[in-house]
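Asker: structure of the sequence below:
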Amino acid sequence: MALIKSCRGFTPQFGEDCYMAENATIVGDVITGDLCSFWFNAVVRGDVNSIRMGNKVNVQDGAVIHATYEKTKVVIGDHVSIGHNALVHGCTIEENVLIGMGAIVMDNCYIESNCIIAAGAVLLEGTRVESWSIYAGVPAKKVKTLTPELFKGEVQRIAQNYVLYSSWFK
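Answerer: Down below sits the predicted model:
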C-alpha cells in the first residue's frame, strides 16, 4: 500500500477509484478527483502548501509534485498527465495537459488548457503557457501550435490510457 501520511493536521483525500502504487508517497494537504493514479516512486508532498487535482490525473513513475511554504500552491485540472520523473512545483495546470518526461515546471507558472510541455523542458518561474501550445527547450519556449490530431493522439490518449493501466493493478 502507498505511503499516505498526514502532516500539519492534513490527511490526503482521494476521489473515487484512484490507484496508488505501493511505493508512491502522498503527504498532507492533497485532494484529488476521481480516477487519478500515482505510480511507482511518485511523490506528492502537500506538507508546505495545498495540492488540488481534478479527475483523471496521472502522476507517473518518479514524478514529484510540491509547492513553496506560504507562497505557492499546486492546482491541476482534469485529464492531466505528469510524465515520468517530471517536477511540478507551485504552479497551476489547467485541463488536458501533458507534462513530458523529465520536464520541470517552476513556481508561479500557469499552463492553460490543451497544451504539451515537451520532455526535458524547463518552464522558468512565472512562465505563462497559452492554450494549444507546445513548449520545449531550456528555458522552454513555444515551438509550435498543438494540432487537434496531436491533441487527440497524445494528450487525450495518454490520460485515458493511464485510467486503463491503473485498472490492471486494482
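Asker: for the lengthiest helix in the chain, packing partners?
Answerer: Longest helix of the chain, by residue count under DSSP state H: helix 157-167. Applying 3 or more CB pairs under 8 Å, 6 or more residues apart in numbering; DSSP states H and E, we find helix 157-167 packed against strand 37-38, strand 58-59, strand 80-82. Backbone N, C-alpha and C define where each C-beta goes, glycine included.
Asker: bridging residues for the residue nearest in space to the middle of the chain?
Answerer: Nearest residue to the geometric centre of the chain (CA atoms, centre = their mean): Ile82, 4.0 Å. Per DSSP bridges, residues listed as beta-bridge partners of Ile82: Val59, Ile99.
Asker: I figured it hits Asn58, correct?
Answerer: Yes: using CB atoms under 8 Å, Ile82 is in contact with Asn58, at 6.7 Å.
Asker: which stretches in this structure count as helices?
Answerer: 148-150, 157-167.
Asker: quick check: which of these is nearest to Asn23?
Answerer: helix 157-167 (15.1 Å; CB to CB).
Asker: circling back: in the longest helix of the chain, what's buried?
Answerer: Going by neighbour count (16 or more other CB atoms under 10 Å), the buried part of helix 157-167 is 158-159, 162-163, 166.
Asker: for Thr72, state which of these is nearest.
Answerer: Looking across the buried residues of helix 157-167 and measuring by CB to CB, the closest to Thr72 is Ala159, at 24.3 Å.
Asker: quick one: neighbours of the closest residue to that closest one other than its chain neighbours, just the number.
Answerer: In space, and not counting its chain neighbours, Ala159 is closest to His79: 4.3 Å by CB to CB, 6 or more residues apart in numbering. For His79, the neighbour count with other CB atoms under 10 Å is 25.
Asker: cool, and Ser37?
Answerer: The local packing of Ser37 (other CB under 10 Å) involves 25 other residues.
Asker: what does Glu112 give?
Answerer: Residues within reach of Glu112, counting by other CB under 10 Å, total 18.
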